[in-house]
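# Following is a predicted model, sequence given first.
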Amino acid sequence: MKQNSMNRNNPDKIVNPVNRIASFINSMRLVSVLKVIFPNIIPIKPILYLLFFGLSIQSSMGQRTKEINWPKTYTDQLFHLTEVMVTDVASPPVAARIYAYSTLATYLAVKETGATFRHDTILGYTYLNDHAWQLDNPTIFSPEFAAIYSMLKVGEAIMPSGYLLKEKQENWIQTALKAKIITKNSLQAHLDFASAVASQVIDVAKKDGYLQLSTLNRYTPQEGEGFWYPTPPAYIGAVEPEWKTIKPFFIKDLEAFAPAPMAAFDMTEGSPFHVQLMEVYTTANELDDEQKLIANFWDCNPFKVEFTGHMAMGVKKISPGGHWMGITGIAAQKATLTFEETAFIHALIGLSLHDAFISCWKAKYDTDRIRPETVINQNLDQRWRPLLQTPPFPEYTSGHSVISRAAAVVLTGYFGDNFSFIDSSETYFGLPERPFPSFLYASEEAAISRLYGGIHFRDAIEEGVKQGEQIGKMIWGNFDSSGKATESESK
């Protein structure tokens, strides 16, 4: 593991005044000895000045860094990427991919500067385990600054409106200088290292299959009963039908995480499918206020539109993955994690969400199942509309159920069972805070919200939870109960 001045940013290893004085006295003794040996060579006053000045800078920078709430700072900077995703109307799987690579950059930046983590590895269990990162040991004293800057640089590169992050990058520089996180003299070295990290992460992203999506066959709705078809009000075409071709980080075989077979389309009264259909119809027509609140809290539909006359207006919504990245930041702040651990858990959740979406999207387009709204309009009530707008992709399995459970399992493994928190992820979008006794409880509510919203059948929800549970356990299962990985990331 590489070592440098990372200890300066570890609150447990900040140089205290007593140690600082002791170091200075020892330095004076050394200079005195040298003065005796080399009386005509060693100018004592300049050396003493430089020693004292260096120790003062070390202590000052350490105290400044210690005062900073790094989990909040990290969360605030990451939210700048979320804002751009909302502007770009990034689809749920695309948003997860952006979070994965941007948070990977922060993790890589602190790892390469010699940081130690509670858990030794992330990359060791991904396909990047043997990847040769061409990064020189940096001469920087704020890995935190470089890590956040690299995150903003990756976001700039992989989002259509990423240029909006240029202003945020400049703001971060000015914030860091003002807070004395870095100095003007050291700024360029930090920027160079951050840019090198971002460049290598971007190179990896270019090879995951995303750039080839536009060359694949376009989706065409199938003829016949039970297959997905675009839904009101905007009748948007199928989103990311070939997402299963994107390279996952942890999953080696997508078939190993395929859900159980869904109920076959059958409108015979009493058939498993018909029973589920009537449950959606009845539940959606009899919602109480709490169920409506739950449905709206977990809506997270970036494709929602509202019509005024003939004009369609997009409604700003966070993605499902964005919601769980928000929860991760809230938990990191409550647990008062160090910057290193904040970077670790965000990267782990980012990569987990990415894999969970790939698995879920494969199931969606393999089954190509019709949405409840379409069946109800065709067979029960032509004017019926669900509480939530139906997202533009097939129904089975429920994306919220899969990715929420996967994230909750990993977060529970890291923070522990019954880690209560207040979810304020949606306040920016006009929804109230909501308390949860645990991550798993939150994931269960996210799953059932899709039934309340009228956009999923029960088997898609329940099997989606199982699918996410399997993915989450596979990822977190790479770590043993002691908190250390069972194999080393270092080669």
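Perfect, I can see it now.

# So the chain: which segments form each domain?
5-67, 70-210, 226-476 (automatic domain parsing).

# Check the average confidence over the second one, would you?
Right, domain 70-210. Domain 70-210 carries an average pLDDT of 95.

# so where's the stretch 351-491 of the chain uncertain?
The stretch 351-491 of the chain contains residues with pLDDT under 70 at 480-491.

# thinking again about what came up before, residue 217 is nearest to which of the domains of the chain?
Evaluated with Cβ to Cβ, these place domain 226-476 nearest to residue 217, the distance being 7.8 Å. Yep, even glycine has a C-beta here, placed from its N, CA and C like the rest.

# need the contact list for residue 83.
Residue 83 is in contact with residue 164, counting by Cβ atoms under 8 Å, 6 or more residues apart in numbering.

# same thing but 10 Å
Contacts here follow Cβ atoms under 10 Å, 6 or more residues apart in numbering; on that basis residue 83 touches 161, 164, 165, 168, 316, 318, 322, 428.

# Which secondary structure element is home to residue 234?
Per DSSP states H and E, residue 234 falls between elements, in no helix or strand.

# neighbours of it, just the number please.
If you count neighbours by other Cβ atoms under 10 Å, residue 234 ends up with 15.

# can you give me phi and psi for it?
phi -100, psi -10 (degrees, to the nearest 10).

# Would you confirm that it contacts residue 301?
No - between residue 234 and residue 301 there is no contact, the gap being 11.3 Å when judged by Cβ atoms under 10 Å.

# Let's see which of the contacts of residue 83 end up in strands.
Counting by DSSP state E, the contacts of residue 83 place none of their members in strands.

# tell me which of those residues is nearest to residue 411?
residue 322 (15.1 Å).

# and that closest one, what is it in contact with?
By Cβ under 10 Å, 6+ apart, the residues touching residue 322 are 78-79, 81-83, 85-86, 90, 92, 95-96, 98-99, 300, 302, 353, 425-426, 429.

# and the gap between residue 334 and residue 393?
Distance, residue 334 to residue 393, using Cβ to Cβ, to the nearest Å: 34 Å.

# More neighbours: which of the two?
Shown here are residue 334 and residue 393; by other Cβ under 10 Å, residue 393 has more neighbours (26 against 14).

# Next one: the closest residue to the more buried one other than its chain neighbours relative to residue 397, how far apart?
Excluding the flanking residues, the one nearest residue 393 by Cβ to Cβ, 6 or more residues apart in numbering is residue 239, at 4.8 Å. Remark: distance between residue 239 and residue 397 (Cβ to Cβ) = 15 Å.

# Tell me if I am right that residue 190 is in a helix.
Yes - Residue 190 sits within a helix when classified using DSSP: H, G, I helix; E, B strand; the rest coil.

# can you count the residues close to the closest residue to residue 344 other than its chain neighbours?
Of all residues not flanking residue 344 in the chain, residue 117 sits nearest, at 5.1 Å (Cβ to Cβ, 6+ apart). Residue 117 sits with 20 neighbouring residues when counted by other Cβ under 10 Å.

# likewise residue 158?
Residue 158: 20 neighbours (other Cβ under 10 Å).

# What of the one 4 residues further on?
Summarising burial for residue 162: neighbours were counted as other Cβ under 10 Å, giving 18.

# So it is in contact with residue 101, correct?
No - applying Cβ under 10 Å, one finds residue 162 not in contact with residue 101, separated by 11.8 Å.

# list the helices and strands the lengthiest helix in the chain packs on?
Ordering each helix of the chain by length in residues (DSSP state H) puts helix 339-367 first. The contact analysis (3 or more Cβ pairs under 10 Å, 6 or more residues apart in numbering; DSSP states H and E) places helix 339-367 against helix 70-88, helix 92-112, helix 143-158, helix 320-334, helix 399-415, helix 458-476.

# Show me which residues of the helix or strand just after it are buried.
Downstream of helix 339-367, the first helix or strand assigned by DSSP H and E is helix 372-379. Using 16 or more other Cβ atoms under 10 Å as the test for burial, helix 372-379 gives 372, 373, 374, 375, 376, 377.

# What segments of the stretch 101-250 of the chain are helices?
Secondary structure of the stretch 101-250 of the chain (DSSP state H, counting those that start in this stretch): helices at 143-158, 165-178, 184-205.

# Would you mind giving those as TSV with distance to residue 72 added?
As requested, those are exported to TSV (distance: least, Cβ to Cβ, whole Å):
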stretch	distance to residue 72
helix 143-158	12
helix 165-178	13
helix 184-205	20
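
# Looking at these, which is nearest to residue 437?
When the helices of the stretch 101-250 of the chain are compared by Cβ to Cβ, helix 143-158 sits nearest residue 437, at 31.0 Å.

# Point to the residue nearest the middle of the chain.
For the chain, residue 350 is the residue whose C-alpha lies nearest the centre (Cα atoms, centre = their mean; 3.3 Å).

# was I right about residue 456 contacting residue 400?
Yes - in this structure, residue 456 is within contact of residue 400 by Cβ under 10 Å, at 8.2 Å.

# Quickly list what's touching both of these two.
By Cβ under 10 Å, 6+ apart, the residues touching both residue 456 and residue 400 are 391, 447, 448, 449, 450, 464.

# Residue 88 is in contact with residue 164, correct?
Yes - between residue 164 and residue 88 there is a contact under Cβ under 10 Å: 9.4 Å.

# circling back: more neighbours: which of residue 239 and residue 397?
residue 397 (32 against 19).

# any idea how far the closest residue to that one other than its chain neighbours is from residue 436?
Leaving aside its sequence neighbours, residue 397 sits nearest to residue 464 (Cβ to Cβ, 6+ apart; 3.7 Å). Computed as Cβ to Cβ, the residue 464 to residue 436 distance reads 19 Å.

# quick revisit: for the longest helix of the chain, buried residues please.
Buried, per 16+ other Cβ under 10 Å, within helix 339-367: 339-365, 367.

# now swap in stretch 419-435 and tell me
So for stretch 419-435, counting by 16+ other Cβ under 10 Å, buried means 419, 421, 423, 425, 426, 431, 434.

# I'd like to know how many residues surround the residue lying closest to residue 329 once chain neighbours are set aside.
Among residues not flanking residue 329 along the chain, residue 75 sits closest, at 3.3 Å (Cβ to Cβ, 6+ apart). Look at residue 75: counted by other Cβ under 10 Å, it has 19 neighbours.

# Show me which of the buried residues of stretch 419-435 is closest to residue 252.
residue 419 (29.6 Å).

# Pull the contacting residues for that closest one.
Residue 419 touches 331, 334, 335, 411, 412, 436, 437, 438, 439, 440, counting by Cβ under 10 Å, 6+ apart.

# The closest residue to the fifth one other than its chain neighbours: what's it in contact with?
Put plainly, it is residue 412. For residue 412, ignoring the flanking residues on the chain, the nearest one in space by Cβ to Cβ, 6+ apart is residue 439 at 5.0 Å. By Cβ under 10 Å, 6+ apart, the contact set of residue 439 is 324, 327-328, 331, 404-405, 407-421.
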